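K.L.:
Sharing a model that was predicted from the sequence below.
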Amino acid sequence: MSRIGKKPIALPSNVKVDLQGRTITVEGPKGKLTLEHHANARVSVVDAPAPAKGKQVVVERVSDEKISRAVHGLTRALLANMIKGVTDGYTAELEIQGVGYKAELQGKSLVLSVGFANQITHAVPDGLTVKLEGQGTRVNISGIDKQLVGQFAADVRSTRKPEPYLGKGIRYVGEVVKRKAGKQFAGAGAK
C-alpha cells in the first residue's frame with residue numbers, strides 16, 4: 001500500500017473541492033486549479049474522523065494492478081499540491097551573479113542579459129507573477145500551480161547555468177555551486 005497515497009488530505013475551510021467524474025476542481029482564496037486524474041484512482045471528499053473537524057480528501061485504488069499502485073500516490077500528491085497552491089501559493093527565487101548580468105521585465109516578458117551577444121527573452125506564462133529585486137539580480141517567480149512555477153524557474157536557470165570556475169550564472173537562492181580551481185601559474189618553480 002502506498003504510504004503517501006493512503007494519507008488523507010485535510011481540507012481547509014476556505015477551500016472548495018468539486019468532483020465531476022474524473023475532473024477535480026479546487027478553488028481557494030488565491031485562485032482555481034483543475035485536474036483530470038487517472039481512471040485507476042478514486043477520489044472522494046469525506047468528513048474527517050471524530051477528533052478533527054471539517055472535511056478531507058481521500059484517494060483510493062480501483063484495483064491492485066501495477067498502474068493503480070503507481071498512480072495512487074501520484075494522484076494524492078497532485079491534489080495536495082493543488083490545495084496548498086490555492087491557499088498559500090508557490091514561489092521560486094533565482095539570483096543572477098556576474099558582472100553586467102541582470103534581468104528586466106518588459107510587459108509579459110523576462111529579458112535576461114547574461115553574457116551572450118543578444119538578450120534572451122522568456123515569455124511569462126499566464127498565472128505566474130515575476131518580480132525583480134536588487135537592481136535586476138534577483139528574480140521572484142510566484143503562482144498557484146507548483147509545476148508551472150518550477151518549470152518556468154528551471155527554464156530561466158537553464159539560460160545560463162552557474163559555471164564552476166567563477167560562479168557566474170543564474171542559480172536558485174541558497175543553491176551551492178561546487179567551485180573548481182582555475183589554471184595555476186607555474187612561475188615560482190620554472191626558471
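P.N.:
On my side now, so go ahead.
K.L.:
element containing Glu93, please.
P.N.:
strand 90-97 (DSSP states H and E).
K.L.:
which helices and strands sit right next to the next helix-or-strand element following that strand?
P.N.:
Using DSSP H and E, the helix or strand that follows strand 90-97 in sequence is strand 102-106. Strand 102-106 is packed against strand 109-113, strand 128-133, with contacts defined by 3 or more C-beta pairs under 8 Å, 6 or more residues apart in numbering; DSSP states H and E. Yep, even glycine has a C-beta here, placed from its N, CA and C like the rest.
K.L.:
so what strands line up beside strand 102-106?
P.N.:
Within its sheet, strand 102-106 is paired with strand 109-113 (antiparallel), according to DSSP bridges.
K.L.:
helices or strands up against the strand holding Glu93?
P.N.:
Under the contact rule (3+ C-beta pairs under 8 Å, 6+ apart), strand 90-97 is packed against strand 138-143, helix 146-157, strand 169-172.
K.L.:
So for the last one, what gets flagged as buried?
P.N.:
Residues of strand 169-172 classed as buried by neighbour count (16 or more other C-beta atoms under 10 Å): 169-171.
K.L.:
In contact with the residue lying closest to Lys131 once chain neighbours are set aside, which residues?
P.N.:
Closest residue to Lys131 apart from its sequence neighbours, by C-beta to C-beta, 6 or more residues apart in numbering: Asn140 at 4.5 Å. Residues in contact with Asn140 (C-beta atoms under 8 Å, 6 or more residues apart in numbering) are 91-93, 130-133.
K.L.:
what's the closest of the helices and strands packed on strand 102-106 to Lys84?
P.N.:
strand 128-133 (16.4 Å; C-beta to C-beta).
K.L.:
Can you tell me, leaving aside adjacent residues, what's nearest to the spatially most central residue of the chain?
P.N.:
Note on the chain: the residue nearest the mean C-alpha position is Gly150, at 3.0 Å, using C-alpha atoms, centre = their mean. Closest residue to Gly150 apart from its sequence neighbours, by C-beta to C-beta, 6+ apart: Ala92 at 6.4 Å.
K.L.:
Specify the beta-bridge partners of the one you found.
P.N.:
Counting by DSSP bridges, Ala92 forms beta bridges with Ile141.
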